[in-house]
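Engineer: Curious how this folds, go ahead:
(chains A and B)
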Amino acid sequence: MPLLAEDRRNFLIGFVMGVGLGFFFELFLSLLSAGLTNLGPQRFLGVQIVIIWLTYRVYGIGQWIAAAPAILYFRRTQRPALARGLLAEAALVTVGNFLLWFYSWAQQDSFPHLLR
Amino acid sequence: MTPPPTPAKPAKGSVFVGILLGAGLTALATIVVGPVLSLLIAAPNWVLARLRHEPAYATPLYSAVFTMGMWTVMAIGLVQWIYILPVGRHFLRRRETRTATGLLILALFVLATNAACWIYLPHALNFSNWRF
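Structural biologist: The predicted structure follows:
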């Protein structure tokens, strides 16, 4: 397979990996939040508010907790196309999240409508 | 005289990449394919229903597509093999056995979780009290 096609293929794999990483990152944190509720409704409220902000409200920023180490790992292990795919996906999500906030601001509301 | 043993080919790919790729495909299948499939076919159906002054949800096409979208999520443990098997075979053909292994690990995890949901849900929702 020519190098360019190989790069494109790995970029695509990296992009899909980014989708999976984000999805399971959010799923894991949501389950953690639900588990904390089970331990006591008000006991870990502060932690839960942080989790909810990271996974829903400012997900575009919160996702970098998972994405950044993965990107660095693939760069360090000499797989730049995979890292580029992950980076592209994470950047797209950040821009999308920002657009939601912008939409919400344009609607004169404090939170994004679509995430409420 | 016995032939000299051929050196074993080193396994290529990465289990981590396989697991993350499988997670991405599962995410795309559950959050994108189901709803998009539903919307794509429901939209013209909705227009037709509006022209006929009928409710869209009552038409057979709408309910069929809705059911497909719903089952893509509810039976993901079985539906996932539609894309896991070809992608896994692609990696095996390229001798990236580690990536294929990661993909298989994720697929089995999804299958087990989906099965656990089906075992737990009847208890949680208490289907025995339902009237159909």
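Engineer: so which residue of chain A comes closest to chain B?
Structural biologist: Nearest residue of chain A to chain B, counting by Cβ to the nearest Cβ: residue A:20, 2.8 Å away. Heads up, the C-betas are built off the backbone N, CA and C, glycines and all.
Engineer: my guess is that residue contacts residue B:31, does it?
Structural biologist: No. Counting by Cβ atoms under 8 Å, residue A:20 stays clear of residue B:31, with 11.1 Å between them.
Engineer: Looking at these two, which one has more neighbours?
Structural biologist: The neighbour comparison of residue A:20 against residue B:31 (other Cβ atoms under 10 Å in any protein chain shown) goes to residue A:20, with 21 against 14.
Engineer: I'd like to know which helix or strand in the chain has the lowest mean pLDDT.
Structural biologist: Picking chain A for this. Least confident helix or strand of chain A, by mean pLDDT, DSSP states H and E, is helix A:45-52 with a mean of 85.
Engineer: To clarify, I was referring to chain B.
Structural biologist: For chain B, counting by mean pLDDT, DSSP H and E, that's helix B:60-74 with a mean of 71.
Engineer: quick one: contacts for the residue nearest the centre of chain B?
Structural biologist: Centroid-nearest residue in chain B: residue B:80, 3.0 Å away (criterion: Cα atoms, centre = their mean). Residue B:80 makes contacts with B:25-26, B:29, B:107, B:110-111, as judged by Cβ atoms under 8 Å, 6 or more residues apart in numbering or on different chains.
Engineer: how about those residues in a markdown table, adding distance to chain A and pLDDT?
Structural biologist: Below are the contacts of residue B:80 laid out as a markdown table (distance: Cβ to the nearest Cβ, whole Å; pLDDT from 0 to 100):
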| residue | distance to chain A | pLDDT |
| --- | --- | --- |
| B:25 | 6 | 94 |
| B:26 | 7 | 92 |
| B:29 | 11 | 88 |
| B:107 | 12 | 96 |
| B:110 | 11 | 94 |
| B:111 | 16 | 95 |
